[in-house]
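Trainee: Make a model of this:
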Amino acid sequence: MADLQHECGVAALYHLPGGASPLLPDGDPRHTSRLMPRMLLDLQNRGQLAAGFSTYNPDRDQIVQTYKEIGSVIEAFRLNHKGKLETIMKEYAGQAAIGHVRYATCGANTRSYAQPFERRHGCKWKWFAFAFNGQLANFQELRKELLSLSEYHLTRENDTEVIMHFIAHALRGDERPDLVKVFRELSEKFDGAYNLVFLNAMGDMVVLRDPKGIRPLCYSLENNLFAAASESVPLFNLGLRDIKNLEPGEMIVIEDGVVRHERFAPKQKPSHCFFEWIYFANVASSLDNHSVYLSRSALGKELAAQERKLAKVPLDEDTIIVPVPDTAKAAADAMAHALGMPCLEGLMRNRAVGRTFIEGNDRADRVRLKYTPLPEVLKGKRVLLVEDSIVRSTTMQSLLHHLRERGGAKEIHVRVACPPIIAPCFYGIDMSTVKELFAPRFMKGRRPTEAEQDAMAKELNADSLLYLPLEAVARCIGLDADRLCRACITGEYPTPAGEQLYQLSLRDNANGSNGSGRTYEAGIVNGNGKIKGEIRVGA
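Mentor: Residues are numbered from 1 along each chain as shown. Below you'll find the model as predicted:
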């Protein structure tokens, strides 16, 4: 859904000693960093607010050097200006690099919050840069812990700075640290999602995935070129073919030109975010050995089966299926094929309108700028509008208005390839309070009744609304439900801090407070991490 955003994406590159990889743009391992903007372009779906990279080059004074700017990858790296791009690439050339694309769910929308974060030090193993994808659910508690230490001062209100200081604190000794031990000890403190890429002035690199594996992380090593990214597509498009998934609680360490796998946290049942397959990931990606495209296609087949069973809409020549571009297209195509109906692009997305221009307008204007309904397709038709999810509903309401007023649709029946979103996410998705969500205002339990879906349709000004059932998600992805994080559709969280924040959000919603504040920025109210007066939604 257009009003839902992801925290970020990470990438890493390292050319190991030996013969040059044929994938290098000029055959020079010292210019491996030139591949990073290309990788970040393929991660642009995960964040459009800022982009940056840190590179390692032992032959320059600034051994680790960081470049980052506000804007898309094209804007940040000046990809449309050959001369300025070349200047950046020459200044920051290195045989190793870590990169990041950002969307803010925590902290301000300024350059100082862009990643990677770099901490300089005279001791080379204490001089490092890092970037991470996710969100620490217990970040306020960690922040308080840091501030309790003598003379600590924090300049930003976000978990990235907290992680930076915890890493720096772990590196404070007089001997080169065991990086596995460093991150093992940190994993015992961190609660949430935190895929992390780390690079220091010794030339050491760490790529790790949190113990729950909430966010995806892929890697490949071919012809002395190591690469890792939040999704498989950036690696595939570089030309790498032996792409693997990093297991939850595992890390890849590169030290002294040698790559090794290590387990930094005890093995446990994973909690992969189901939304990666439903919405966030590039449709061409494969995550944890499960195709994003095939998962979305399976969701569309489920929608078709439900449509036939409930028979709410005549499936005749006056009915067409229209996807909300772009993430709902695979589901809509599969639904149409299963029903033997046309799937038409009655709604076109304007890809030429920049993010900054869109965000500078109100919600209704954003929809008008971003989408164009086609009267030639929609006029006088009964439309089955397929969407991947409904979070806050504001975009959907505006969209339906434009489909009727500008497109001339006779009827609009919304079909959602996802169960209702009933709970916030504290692991890197920009929805942190119950109050901002659409579905909980109508639902007494965790499964919507027919009457509740009718009430939601009326609120949206749709002729009908149908969600997929809970069971469909795991079935379509091809993973057992207990291996997925489905907190936002069940209210059941995979980590203690996530559950505590949910109880805080429920309490604030019941009290009519915290309408605009982010729950995780409020923190856990009691020192023992418990919420007084727990509130539960119906089963």
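Trainee: Can you mark which positions in stretch 255-273 are buried?
Mentor: Across stretch 255-273, burial judged by 16 or more other C-beta atoms under 10 Å covers 259, 262, 264, 265, 270, 271, 272, 273. Heads up, the C-betas are built off the backbone N, CA and C, glycines and all.
Trainee: Over to stretch 302-313?
Mentor: For stretch 302-313, by 16+ other C-beta under 10 Å, it's 302, 303, 304, 306, 307, 313.
Trainee: Helix or strand: which one has residue 67?
Mentor: Element membership for residue 67 (DSSP states H and E) is strand 64-70.
Trainee: if we can go back for a sec, give me the subset of the buried residues of stretch 302-313 that lies in helices.
Mentor: Using DSSP state H, the members of these that fall in helices are 302, 303, 304, 306, 307.
Trainee: my read: the last one touches residue 413, true?
Mentor: Right, residue 307. No. With contacts counted by C-beta atoms under 8 Å, residue 307 stays clear of residue 413, the gap being 9.1 Å.
Trainee: what sits in contact with each of those two?
Mentor: Common neighbours of residue 307 and residue 413 (criterion: C-beta atoms under 8 Å, 6 or more residues apart in numbering): 313, 384, 466.
Trainee: Tell me where the stretch 251-400 of the chain has strands.
Mentor: Residue ranges of the strands in the stretch 251-400 of the chain, as given by DSSP state E, counting those that start in this stretch, are 258-263, 272-273, 286-287, 290-291, 319-323, 347-349, 371-373, 382-387.
Trainee: Including pLDDT and distance to residue 441, could the buried residues of stretch 255-273 go into TSV?
Mentor: What follows is these, written out as TSV (pLDDT from 0 to 100; distance: C-beta to C-beta, whole Å):
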residue	pLDDT	distance to residue 441
259	98	51
262	98	47
264	98	42
265	97	38
270	97	32
271	98	27
272	98	29
273	97	24
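Trainee: isn't residue 80 right up against residue 73?
Mentor: No. Using C-beta under 8 Å, residue 80 is not in contact with residue 73; the gap is 10.9 Å.
Trainee: If you count surrounding residues, which of these two has more?
Mentor: Between residue 80 and residue 73, counted using other C-beta atoms under 10 Å, the more crowded position is residue 73 (24 against 9).
Trainee: show me the contacts for the more buried one.
Mentor: 37, 40, 41, 44, 51, 79, 101.
Trainee: Return the closest of the shared contacts of residue 307 and residue 413 with respect to residue 249.
Mentor: residue 466 (38.5 Å; C-beta to C-beta).
Trainee: Using a markdown table, lay out the ones in helices among the buried residues of stretch 302-313 together with distance to residue 58 and pLDDT.
Mentor: Below are these laid out as a markdown table (distance: C-beta to C-beta, whole Å; pLDDT from 0 to 100):
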| residue | distance to residue 58 | pLDDT |
| --- | --- | --- |
| 302 | 54 | 98 |
| 303 | 55 | 98 |
| 304 | 58 | 98 |
| 306 | 59 | 97 |
| 307 | 61 | 97 |
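Trainee: Under the pLDDT cut-off, which ranges of this structure? List them.
Mentor: 1-7, 104-109, 352-365, 513-539 (pLDDT under 70).
Trainee: Show the residue spans covered by the strands in the stretch 51-200 of the chain.
Mentor: Going by DSSP E, counting those that start in this stretch, the stretch 51-200 of the chain shows strands at 64-70, 96-102, 117-119, 128-136, 192-200.
Trainee: quick one: the fourth one to strand 192-200, angle?
Mentor: Looking back up the chat, that one is strand 128-136. Interaxial angle of strand 128-136 relative to strand 192-200 (axes from the mean of the first three to the mean of the last three C-alpha atoms, to 10 degrees): 180 degrees.
Trainee: What of the first one?
Mentor: Strand 64-70 and strand 192-200 are oriented at 130 degrees to each other (the same axes, to 10 degrees).
Trainee: And the contacts of strand 64-70?
Mentor: Strand 64-70 is contacted from outside by 49-57, 75-77, 88, 91-92, 94, 100, 109-111, 114-118, 120, 127-129, 199-201, using C-beta under 8 Å, 6+ apart.
Trainee: mind listing what that strand pairs with, with the direction of each?
Mentor: When sheet partners are counted by DSSP bridges, strand 64-70 sits next to strand 50-56 (antiparallel).
Trainee: contact partners of the partner strand?
Mentor: With contact meaning C-beta under 8 Å, 6+ apart, strand 50-56 is reached by 33, 36-37, 40, 63-73, 76-77, 92-102, 111, 113-116, 118, 129, 131, 199, 201, 203, 205.
Trainee: make it 6 Å
Mentor: 33, 36, 40, 64-68, 70, 73, 76, 92, 94, 96-102, 114, 116, 118, 129, 199, 203 (C-beta atoms under 6 Å, 6 or more residues apart in numbering).
Trainee: do stretch 207-221 as well
Mentor: For stretch 207-221, the external contacting residues (C-beta under 6 Å, 6+ apart) are 12, 133-134, 183, 193-197, 227-229, 232, 235, 240, 242-246, 248-249, 251-252, 265, 268, 270-273, 276, 287, 427, 485, 494.
Trainee: neighbours of residue 337, just the number please.
Mentor: When neighbours are defined as other C-beta under 10 Å, residue 337 has 15 of them.
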